[in-house]
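Asks: quick one: sequence plus predicted model below, questions after.
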Amino acid sequence: MLLAALAVASGCQEEPAAGPKVEVPSGRTLSLIDVITNAPGPRGAAARFRFLAPGLTSEDVEAAAADMQVVCDSFALERTDGMVPQPQQIIITFMSAPAPFGEAAPDVVQFFESFRIENAACVWEVF
């Protein structure tokens, strides 16, 4: 199940991400905010790919879940090659506005999905 968390950038006045753009099946254009590799996930080494998803609402759960699978398969997975340590897990985050990693942001809609890397593919996991 897609874990949806509502969070706000309390006073966070960051500019929109200027990272690579990724088109997803829902028609949304995402911008990569950052990749975090120094925060372990539940299975050990993890690569967290955080994306700005303008206009994201809490009603977008199903579309976001499908988009996250595509992002993992077509964008994130290839970028884990050569990471040290090699990630055992990829965590994809979509957020309606930039929010600092690990900080509560109650007014920002955020969705998270976790994938294990198996046979060079992203396999969805319960997060």
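Replies: Noted; the coordinates are in hand.
Asks: count of neighbours near Lys21?
Replies: For Lys21, the count of nearby residues is 12 (other Cβ atoms under 10 Å). C-beta coordinates here come from the backbone N, C-alpha and C atoms, glycine included.
Asks: can you tell me who it pairs with across the strands?
Replies: Here Lys21 shows beta-bridge partners Ser31, assigned using DSSP bridges.
Asks: residue contacts, it?
Replies: Neighbouring residues of Lys21 by Cβ atoms under 8 Å, 6 or more residues apart in numbering: Thr29, Leu30, Ser31, Leu32.
Asks: if we go to 10 Å?
Replies: Thr29, Leu30, Ser31, Leu32, Phe51, Leu52 (Cβ atoms under 10 Å, 6 or more residues apart in numbering).
Asks: measure it to Phe75 for me?
Replies: 10 Å (Cβ to Cβ, to the nearest Å).
Asks: if we can go back for a sec, in the contacts of Lys21, find the pair that's most separated.
Replies: Thr29 and Leu32 (11.3 Å; Cβ to Cβ).
Asks: common neighbours of the two, please.
Replies: Lys21, Val22, Phe51, Leu52.
Asks: what's the ChimeraX line that selects buried ones from the residues you listed?
Replies: A single ChimeraX command selects the buried members of these (16 or more other Cβ atoms under 10 Å):
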select :22,51,52
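Asks: same list (the shared contacts of Thr29 and Leu32) but as CSV, adding pLDDT.
Replies: CSV is the format used below for those (pLDDT from 0 to 100):
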residue, pLDDT
Lys21, 94
Val22, 95
Phe51, 98
Leu52, 98
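Asks: can you list residues touching both of Lys21 and Phe75?
Replies: Leu30, Leu32, Phe51.
Asks: which pLDDT value goes with the second one?
Replies: It stands for Leu32. Note on Leu32: pLDDT of 97.
Asks: burial count for it?
Replies: Applying other Cβ under 10 Å, I find that Leu32 has 19 neighbouring residues.
Asks: ok, now which ones touch it?
Replies: Neighbour list for Leu32: 17-22, 49-52, 71, 75-76, 79 [criterion: Cβ under 10 Å, 6+ apart].
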